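>>> Pasted the sequence and its predicted model underneath.
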Amino acid sequence: MAGRFGACIELMRPKNLVLAGATVPLGAYFGLMDSSEAFPYLAVALHTLAVITFTGAGNSMNDIKDAEIDRAAHPMRPLPSGRLTVDDARRFTAFLWCVSVVSHIGGLVLVSADVSIYLPTALIYVLAVALMVTYDHGPATKNKGLSGNTVISLLVGAVILYGASGVGGIQSPVVWWIFGVVFLTNLAREMVKDCMDMEADVGSRRTLPMVHGKEKVRMAAYVVIMGALVCLYIPFWRGPFAFGQIALQIPAIMTLITLNGPLVQGKDALVAGRIRLAMLLGLISFIAASLL
């Protein structure tokens with residue numbers, strides 16, 4: 001039983017859940033930064049749970065769909081390793097979806113009954129569900145290179161919009177700039193991951209590296225990273241943060257800028273890990289800047 005439980009947790013990809021879980025309260029915090037309203041802790045906690053279980057369900061669906069491919073690309077994951085059956089994974093995925101929907105509704109119930117909160121929050125959630133389902137099924141955007149990379153990056157970036165929307169702060173400019181940082185860094189990461197998995201994806205997907213070659217895609221990923229750095233810079237140039245506070249972002253900035261060498265060397269796994277680290281460092285630094 002303990003082994004199966006651990007495999008279920010692994011199926012959700014806990015490292016991805018850390019970023020998703022941290023971004024919801026961050027979006028809510030920045031959405032209310034210029035407001036005198038009290039922070040709705042319970043509502044934000046429920047929205048955070050909704051996103052964590054949503055993300056876990058999406059990762060589980062992805063692993064179910066890729067069970068055969070992962071036998072070669074990722075043989076130690078729960079399904080190809082035999083620690084979970086496909087039926088086990090499907091039941092667990094259904095449970096996660098139920099928790100996510102109930103938490104989403106519960107979070108809305110706990111905030112003021114205002115259409116300016118309910119409507120955008122519900123629309124973001126419904127759109128995210130549609131993107132998630134069509135990523136693996138229907139049009140199966142996952143198999144279509146850049147469109148699949150974009151869908152996943154939109155889903156990751158939309159979390160901060162969801163957090164801000166749930167407290168009525170979706171119009172805050174800083175929320176959108178942080179969305180830009182998260183979206184673009186994750187897009188670059190997805191492009192690099194496709195380079196890493198190109199050989200295993202042959203015959204099942206048509207990714208950017210298959211069409212344009214790994215070297216060109218890695219160069220393009222670095223350009224996307226530079227776009228993320230522009231989004232990171234603007235809240236310190238135009239506000240609400242003081243320009244000098246951009247020094248707090250030096251760890252994230254240096255982690256991203258220094259990826260050029262590993263990209264040229266083809267160290268895709270290293271680059272993907274560092275991009276995720278940079279996202280976390282960037283989010284932490286935004287919090288630090290708001291508290292100083």
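Looks like it arrived, so ask away.

>>> any idea which helix or strand comes after whatever helix or strand residue 221 lives in?
Per DSSP states H and E, residue 221 falls inside helix 214-237. Note on helix 214-237: by DSSP H and E, the next helix or strand toward the C-terminus is helix 250-257.

>>> Dump the C-alpha coordinates for that following helix into CSV.
What follows is helix 250-257, C-alpha atoms only, in CSV (Å, rounded to 0.1, in the frame of the first residue of the first chain):
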residue,chain,number,x,y,z
ILE,A,250,20.3,38.5,-9.5
PRO,A,251,20.2,34.8,-8.6
ALA,A,252,17.3,34.2,-11.1
ILE,A,253,18.9,36.4,-13.8
MET,A,254,22.3,34.8,-13.6
THR,A,255,20.8,31.3,-13.6
LEU,A,256,19.0,32.1,-16.9
ILE,A,257,21.8,34.1,-18.6
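
>>> Does anything pack onto that helix? Which helices or strands?
helix 214-237, helix 268-291 (3 or more Cβ pairs under 8 Å, 6 or more residues apart in numbering; DSSP states H and E). Backbone N, C-alpha and C define where each C-beta goes, glycine included.

>>> Repeat the analysis, applying 6 Å as the threshold.
Taking 3 or more Cβ pairs under 6 Å, 6 or more residues apart in numbering; DSSP states H and E as contact, the helices and strands that helix 250-257 lies on are helix 268-291.

>>> Also compute the angle for the helix it packs on relative to helix 250-257, please.
150 degrees (axes from the mean of the first three to the mean of the last three Cα atoms, to 10 degrees).

>>> which residues touch helix 268-291?
26, 181, 185, 189, 192-193, 195-196, 241, 245, 248-249, 251-252, 255-256, 259, 262-263 (Cβ atoms under 6 Å, 6 or more residues apart in numbering).

>>> And for stretch 94-101?
Identification of contacts with stretch 94-101 by Cβ under 6 Å, 6+ apart yields 50, 53, 54, 56, 57.

>>> a markdown table for these, including distance to residue 211, pLDDT and neighbour count?
Conversion of those to a markdown table gives the following (distance: Cβ to Cβ, whole Å; pLDDT from 0 to 100; neighbours: other Cβ atoms under 10 Å):
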| residue | distance to residue 211 | pLDDT | neighbour count |
| --- | --- | --- | --- |
| 50 | 36 | 93 | 24 |
| 53 | 35 | 92 | 24 |
| 54 | 31 | 90 | 25 |
| 56 | 31 | 88 | 26 |
| 57 | 30 | 88 | 23 |
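
>>> what's the following helix or strand after the helix or strand bottoming out on mean pLDDT in the chain?
Lowest mean confidence among the helices and strands of the chain (mean pLDDT, DSSP states H and E): helix 70-73, at a mean of 61. Following helix 70-73 in sequence order, the next helix or strand is helix 86-109 (DSSP H and E).

>>> so which helix or strand takes in the nearest residue to residue 227 once chain neighbours are set aside?
Once flanking residues are discounted, residue 227 sits nearest to residue 184: 4.9 Å by Cβ to Cβ, 6 or more residues apart in numbering. Following DSSP H and E, one finds residue 184 within helix 173-196.

>>> same for that helix, what does it pack against?
Short answer (3+ Cβ pairs under 6 Å, 6+ apart): helix 173-196 packs on helix 14-31, helix 146-165, helix 208-212, helix 214-237, helix 268-291.

>>> contacts for that helix?
27, 30-31, 149, 152-153, 156-157, 160-161, 164, 207-209, 214, 217, 221, 224-225, 227-228, 231-232, 234-235, 240, 268-269, 271-272, 275, 279, 282.

>>> Next, work out how far apart the nearest residue to residue 198 once chain neighbours are set aside and residue 190 are.
Counting by Cβ to Cβ, 6+ apart, residue 209 is the residue found nearest to residue 198 once chain neighbours are left out, at 4.6 Å. Using Cβ to Cβ, to the nearest Å, we find residue 209 at a distance of 11 Å from residue 190.

>>> anything in contact with each of these two?
By Cβ under 6 Å, 6+ apart, residue 209 and residue 190 have no common neighbours.

>>> do you know how far residue 221 is from residue 131?
Taken as Cβ to Cβ, the span from residue 221 to residue 131 is 21 Å.

>>> Determine which member of the two has the greater number of neighbouring residues.
residue 221 (27 against 17; other Cβ atoms under 10 Å).

>>> need the contact list for that one.
With Cβ under 6 Å, 6+ apart, residue 221 has these contacts: 188, 191, 192.

>>> Residue 172 too?
Contacts for residue 172 (Cβ under 6 Å, 6+ apart) come out as 30, 31.

>>> any idea of the pLDDT on it?
Note on residue 172: pLDDT of 88.
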